[in-house]
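Participant: I'll drop the sequence and a predicted model, then ask my questions.
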2 protein chains.
Amino acid sequence: MTNQRTVFFISDRTGITAEALGNSLLSQFENIEFNEIHLSFVDTFDKAKSAIGKINNASAKGNSLPLVFSTQINAEYRELIKNSPCIFFDFFDTFISKMERSLNLKSSHTIGRLHNPNSNDYSSRINSINFSLGSDDGLGSKNYAQADIILIGVSRSGKTPSCLFMALQYGIKAANYPLIDQDLTNTELPEILQPYKNKLFGLRIKPERLCQIREKRKGNSAYASIGQCQREIKRAEDLYLANNISFLDTTQISIEEISAKIISKLSLR
Amino acid sequence: MTNQRTVFFISDRTGITAEALGNSLLSQFENIEFNEIHLSFVDTFDKAKSAIGKINNASAKGNSLPLVFSTQINAEYRELIKNSPCIFFDFFDTFISKMERSLNLKSSHTIGRLHNPNSNDYSSRINSINFSLGSDDGLGSKNYAQADIILIGVSRSGKTPSCLFMALQYGIKAANYPLIDQDLTNTELPEILQPYKNKLFGLRIKPERLCQIREKRKGNSAYASIGQCQREIKRAEDLYLANNISFLDTTQISIEEISAKIISKLSLR
């Protein structure tokens, strides 16, 4: 029988921070099936009471206390929930007093300052998403001059989701250019990319994995065949090497990791 | 003179969790300019030494110790960095022993289990991104049957970035349909949307804000004029009300908040 445990993520806003740290901690424990309950915008007394009701239920049903990961800033609701039958992980309060001492300042205890839609950071993220959408798959090559980075790689090597993630998370203007057969007859850089050599970054993927991904898209096609995948990947890699373009194998890593690695390698922040 | 402080975000992986919690804490302190240094993939002795070198520099230059937000799992490198001249916030170790006691299990202390590209969650996120891209702006209305949600709203009310965020963060298949003039001559639901009424969610935005956004896109156009924006918004709202469609004003909230509110309202998780 699998070990089961209920976990609450509770926040007065989106809950994204509670999930990031909570999931990072949970991922350290294998062999437990975590039943996740997400309660966001718990910012009134009624919602706090309702959260406590759910914790009481989970506690009454299970053999063990539910875990609660909280980023609640409002002290009143936080204390109410903390005193319900649970094991409480306080992601906010644990650090805020140390921060106050270190900075020699009182914190504002203001909710909702993290994702501020009026900030420059936010505008830059939204603009970058629009930029990425308009510069996807070789579209909008006239935008390359404005791009922070241009990802290149064969079809389905991970360019589009990586570009979107870089835009959304970091406000990076990421364009992409798909290497197609006609670009891969020799190792010369496609003409359209030549002025932007210093912005290029190549993606690589294992042919077997690429074949799987393409099969799902167009089953039993020449496009998805292992031979075609092997040829394209080999030639793309030759092109990267001949032109001294940094590249990364994406087979076993997520778009979060692809993006963070590229950003770190090119010092894009 | 503005109060300045150097802040390091250090992680053995992407650093996304360290940033989420770190920025959430920093956002509680106004009037300080934080100089952020992001060090990701600090997973070797040399990289840990290099990080310490940077902390030493920051410490020598400033009048006060730099803050370090760390999610490092590797205890050896974490301890090295912790003992450098900094104020160390340990986002991992602070909670992991309590987790171990609560779960009565040892944690695996394995790096890189959070963004696992072989997990079902991950595939669902990538599939949802592709779904959103193929169902953007009324494209791919044949996909509506597969959609978890269909966002509707006038041009530039925030549909596309919200859909992408829901896909990327939560693996939700989000399509969107733009309400154009011909949809707004009366309050009847466009025919193409009628079979999917239970999946619809409306976005609203203040006309003044919409006008600003559209001006940036197409300056001095009828499309961007305040009159046109007021008319479209009013009619879209009438349409939501007449058809009993939930809707949300996006003027003052981020795509993170739009997404989290919709998900919470429609119980999409």
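Facilitator: On my side now, so go ahead.

Participant: next one: the residue nearest to A:Gly15 when sequence neighbours are not counted from B:Ile263, what distance?
Facilitator: Leaving aside its sequence neighbours, A:Gly15 sits nearest to A:Ser40 (Cβ to Cβ, 6 or more residues apart in numbering or on different chains; 4.1 Å). (Glycine included, C-beta is placed from N, CA and C.) The span separating A:Ser40 from B:Ile263 equals 8 Å under the rule Cβ to Cβ, to the nearest Å.

Participant: same deal with A:Arg156?
Facilitator: Distance, A:Arg156 to B:Ile263, using Cβ to Cβ: 29 Å.

Participant: which ones are touching A:Glu256?
Facilitator: The contact partners of A:Glu256, taken as Cβ atoms under 8 Å, 6 or more residues apart in numbering or on different chains, are A:165, A:169, B:14, B:16, B:115.

Participant: re earlier: what's the local residue count around the residue nearest to A:Gly15?
Facilitator: Using other Cβ atoms under 10 Å in any protein chain shown, A:Ser40 has 23 neighbouring residues.

Participant: can you check A:Asn57 too?
Facilitator: 12.

Participant: quick check on it: phi, psi?
Facilitator: Here the main-chain torsion angles of A:Asn57 (degrees, to the nearest 10) amount to phi -60, psi -50.

Participant: tell me which stretches of the stretch 151-269 of chain A form strands.
Facilitator: Taking DSSP state E, counting those that start in this stretch to define them, one finds strands in the stretch 151-269 of chain A at A:174-179, A:200-204, A:247-249.

Participant: likewise the stretch 1-150 of chain A?
Facilitator: Counting by DSSP E, counting those that start in this stretch, the strands of the stretch 1-150 of chain A are A:3-10, A:32-39, A:67-70, A:87-90, A:149-154.

Participant: any chance of these in a markdown table, plus mean pLDDT and mean neighbour count?
Facilitator: A markdown table is the format used below for the strands of the stretch 1-150 of chain A (pLDDT from 0 to 100; neighbours: other Cβ atoms under 10 Å in any protein chain shown):
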| stretch | mean pLDDT | mean neighbour count |
| --- | --- | --- |
| strand A:3-10 | 94 | 21 |
| strand A:32-39 | 94 | 16 |
| strand A:67-70 | 98 | 26 |
| strand A:87-90 | 98 | 20 |
| strand A:149-154 | 97 | 26 |
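
Participant: how about the residues of the stretch 101-250 of chain A near chain B?
Facilitator: Residues of the stretch 101-250 of chain A lying close to chain B (Cβ under 8 Å from any Cβ of the partner chain) are A:102-103, A:105, A:107-110, A:112-118, A:122, A:126, A:129-130, A:133, A:136, A:160-161, A:164-165, A:168-169.

Participant: repeat that for 7 Å
Facilitator: The interface of the stretch 101-250 of chain A toward chain B, taken as Cβ under 7 Å from any Cβ of the partner chain, is made up of A:102-103, A:105, A:107-110, A:113-115, A:117, A:122, A:126, A:129, A:133, A:160-161, A:164-165, A:168.

Participant: got a PyMOL select line for the buried ones in those?
Facilitator: Filtering these down to the buried ones (16 or more other Cβ atoms under 10 Å in any protein chain shown) takes a single PyMOL command:
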select buried, chain A and resi 102+103+107+113+114+115+117+122+126+129+133+160+161+164+165+168
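
Participant: all helices for chain A, in order.
Facilitator: Per DSSP state H, chain A has helices spanning A:16-26, A:45-61, A:75-82, A:93-103, A:120-134, A:159-170, A:207-217, A:226-242, A:255-265. These are given in chain order.

Participant: residues contacting the residue nearest to A:Gly15?
Facilitator: When the contact criterion is Cβ atoms under 7 Å, 6 or more residues apart in numbering or on different chains, the partners of A:Ser40 are A:11, A:13-15, B:260, B:264.

Participant: quick one: buried ones out of those?
Facilitator: Neighbour counting by 16+ other Cβ under 10 Å classes A:11, A:13-15, B:260, B:264 among these as buried.

Participant: out of those residues, who's nearest B:Gln4?
Facilitator: A:Arg13 (27.2 Å; Cβ to Cβ).

Participant: you'd agree the closest one is up against A:Arg113?
Facilitator: No. The criterion here is Cβ atoms under 7 Å, and A:Arg13 misses it with A:Arg113 at 9.3 Å.

Participant: what stretches of the stretch 151-269 of chain A score poorly on pLDDT?
Facilitator: Low-confidence regions of the stretch 151-269 of chain A, defined by pLDDT under 70, are absent; no residue qualifies.

Participant: which non-adjacent residue is nearest A:Phe89?
Facilitator: With Cβ to Cβ, 6+ apart as the measure, A:Phe69 is the residue that lies nearest to A:Phe89, at 4.9 Å, once sequence neighbours are left out.

Participant: need the contact list for the one you found.
Facilitator: A:Phe69 makes contacts with A:7-9, A:18, A:21-22, A:89, A:91, as judged by Cβ under 7 Å, 6+ apart.

Participant: now flag whichever of those is closest to A:Asp183.
Facilitator: Using Cβ to Cβ, A:Leu21 comes nearest to A:Asp183 of the contacts of A:Phe69, at 42.8 Å.

Participant: and that closest one, what does it touch?
Facilitator: If you count contacts by Cβ under 7 Å, 6+ apart, then A:Leu21 has A:69, A:91, B:17, B:21, B:91 around it.

Participant: what's the closest of the residues you listed to A:Asn186?
Facilitator: Taking Cβ to Cβ as the measure, A:Asn186 sits nearest to B:Thr17 out of those, at 43.8 Å.

Participant: surely the closest one is in contact with A:Leu25?
Facilitator: No. With contact taken as Cβ under 7 Å, B:Thr17 and A:Leu25 are classed as non-touching, separated by 9.3 Å.
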